[in-house]
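J.: Let me see the structure of the following:
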Amino acid sequence: MGSEFSIDQKRYLEGFASGVTAARSARAVKPSEPAPSGPDAIHIDAQNRTLAAGKKLVDQEKWKRDEHPFDAYARLKSQARDNAAPKPADNFRWRYYGLFYVAPAQTSYMCRLRIPNGILNAWQFAGVADLADRHAGGYCHVTTRANLQLREIEPRHAVAVLEGIESLGLWTRGSGADNIRNVTGSATAGIDPQELIDTRAYAREWHFHILNTRALIGLPRKFNVGFDGAGLIPTLEDTNDIGFQAVDVQPGFGVAPGIWFRLALGGITGHQDFARDTGVIVKPDDATQLADAIVRIYSAHGDRTDRGKARLKYLLDAWGFEKFLTEVEKLLGQPLTRVAADAIAPRPMFDRAAHIGVHRQKQAGLNWIGVVFPVGKITTAQMRGLARIAQRFGDGEIRLTVWQNLLISGVADADVAATRAAIDALGLATQASALRAGLVSCTGATGCRFAAAHTKEDSEAIAAWCEPRVALDSPVNIHLTGCHNSCAQHYIGDIGLIGCKVEVSEDETVEGYHIHVGGGFGPDAAIGRELFRDVKASDAPRQVEQMLQAYLARRATPQESFLGFVRRHEVETLQELFAIEVPA
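T.: Here you go, the predicted structure:
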């Protein structure tokens, strides 16, 4: 029998194939369904395009599609009445309200606030302390986004915490899940003698724009925005998806000279990338409009099938910066302003110690005082005490920093000694060693189910071991993070530790760390290089001590920083210099 099909057979097969194709098209595109409308249309459109392309949405996108979190508040209240823990879908949804159920680390919620530019009134700070006493664990954490977290909130107290925070004139909405997180700005905005611009108004404008624009809620993944006013304290805006950097544009480059924001995009140091300069500058009053357009392009085209590749960085990697910026220009309906790098004057220098201790404000006779917290943790009694101090001796404001501490501002010269004494009486300090001043830690395994190590406890152990043994004469930042989410940004530390499990026998593991060195930010921006793997947590204090001792003994000059030292050596050399004997 021949291999050729007859004409009738060919027509049958062609008809069958056409029918299959038509059926597939009908399943992919449903013309009977109306086009999405309303503020959520941008997200539903993006989901529909993903499905039409034959791809699968991740669970979080399905949960958002099934029920928008902000439409489910009645169920959250019902769960609170029953003291019921949320199922996975609701655990995700409640993060839109700032609530994270953190079992099995703790069978309770953590609540994260929104505090634009990290600045709040002293009475609000004391009010948060009262809420923590009534409904949480009697303490707060200061985060690396100049923010506060309450922990150990039983489900029955969840709604009381949310409504209590709003009653204080503060916010939690959108502080978790696939939303634009707390907006950071310069901690010394408006009081810094070297700042180019006061970031407070711009951070607050963007904050309220987010809260009142539902189309900016429900992105492919979380999104961070930071404003740097070029003050003494680093804002770490180059670790954000959008970094607005205050710059002084010089005459003679075809644009109006003066203070602009330079636009940097794509920072996500947990994925080993900083925000990169785009060549774009924007007038400060137009920053919110530009940020809105950037977020909308990202929301429309970001990946909704793979959480690991859903951040802005990966859209920029796929498209390139020019294509992305072209789409932003189309949405804005006007070109962006670009200048050459040499049009911009160098940024004034950071002071890596300016977030601790007494520092002169630009207002004559006034000072800010940076208070040290043990790895970002503060008791409610200390919070109320600091609120009283800020009202009695300062300007009544509390300024949180991205370095997990706070400033009391507006302290008169004549009141500095009394203010410091009052802070000391709370069991806190306004001075810190060069090591402790740069110690940063995430929550760790005590309160986070993702963490592989107890980072806060290990941070304290490292400091307690090294301080009496190592005479550091310049700051060294040590960052401990519990997992690859890198909330403590271990990749940008002089020394960065990321939690892991260390195998000590065939059937036993213990907590430990992989150790990186040579990270930096701002003009020193770089991702730290991995130096050691699988260092047991119990060995970490001695390991850090050896690293610091070897640096002090072998640095080229007394002025050489730890960062400069490790960057001029290869990893293999550093491994030899920093090696310790590990007990059997």
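J.: Name all residues that make contact with the spatially most central residue of the chain.
T.: By Cα atoms, centre = their mean, the chain has its centre lying nearest to Arg145, at 5.3 Å. Neighbouring residues of Arg145 by Cβ atoms under 8 Å, 6 or more residues apart in numbering: 118, 181-182, 184, 224, 402. For the C-beta atoms, the positions are set from N, CA and C on the backbone; glycine is no exception.
J.: Kindly report the same for Ala300.
T.: 42, 45-46.
J.: Can you tell me which of those end up in helices?
T.: 42, 45-46 (DSSP state H).
J.: quick one: which of the residues you listed is nearest Phe324?
T.: Proximity of the ones in helices among the contacts of Ala300 to Phe324 (Cβ to Cβ) peaks at Ala46, which lies at 15.6 Å.
J.: Tell me the spacing between the closest one and Ala132.
T.: Using Cβ to Cβ, to the nearest Å, Ala46 is found at 38 Å from Ala132.
J.: Who has more neighbours out of these two?
T.: With neighbours defined as other Cβ atoms under 10 Å, Ala46 and Ala132 compare such that Ala132 has more, 26 against 22.
J.: isn't the more buried one right next to Gly138, touching?
T.: Yes - contact criterion Cβ atoms under 8 Å: Ala132 and Gly138 qualify, at 5.9 Å.
J.: between those two, what contacts are shared?
T.: The contact lists of Ala132 and Gly138 share Thr380, where a contact means Cβ under 8 Å, 6+ apart.
J.: ok, what's across the strand from Cys140?
T.: Beta-bridge partners of Cys140, counted by DSSP bridges, are Leu150, Ile378.
J.: Was I right to think it contacts Ile153?
T.: No - judged on Cβ under 8 Å, Cys140 makes no contact with Ile153 at a distance of 11.7 Å.
J.: What's the mean pLDDT across stretch 389-403?
T.: Taken as a whole, stretch 389-403 has a mean pLDDT of 97.
J.: Buried residues of that stretch, list them for me.
T.: For stretch 389-403, burial by neighbour count (16 or more other Cβ atoms under 10 Å) applies to 389-391, 393-395, 397-403.
J.: Output these in CSV; the columns should cover secondary structure.
T.: Below are these laid out as CSV (DSSP: H, G, I helix; E, B strand; the rest coil):
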residue, secondary structure
Ile389, helix
Ala390, helix
Gln391, helix
Phe393, helix
Gly394, coil
Asp395, coil
Glu397, strand
Ile398, strand
Arg399, strand
Leu400, strand
Thr401, coil
Val402, coil
Trp403, coil
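J.: Return the closest of those with respect to Gly54.
T.: So of the buried residues of stretch 389-403, ranked by how close each gets to Gly54 (Cβ to Cβ), first place is Val402, at 42.1 Å.
J.: how near is that closest one to Tyr202?
T.: Distance, Val402 to Tyr202, using Cβ to Cβ: 17 Å.
J.: Low-confidence ranges, this structure, go.
T.: For the chain, the stretches flagged by pLDDT under 70 are 1-33, 582-584.
J.: ok, now with 80
T.: Residue ranges of the chain with pLDDT under 80: 1-34, 581-584.
J.: returning to that earlier point: find the pair from the contacts of Arg145 with maximum spatial separation.
T.: Largest separation among the contacts of Arg145 by Cβ to Cβ: Gly118 and Asn224, giving 13.5 Å.
J.: Which one of those two is surrounded by more residues?
T.: For Gly118 and Asn224, the more surrounded residue by other Cβ under 10 Å is Gly118, and the numbers stand at 28 against 22.
J.: Tell me who's in contact with that one.
T.: 145-147, 182, 184-185, 187, 399-402.
J.: what's the answer for Leu531, then?
T.: By Cβ under 8 Å, 6+ apart, Leu531 lies in contact with 515-517, 571, 574-575, 578.
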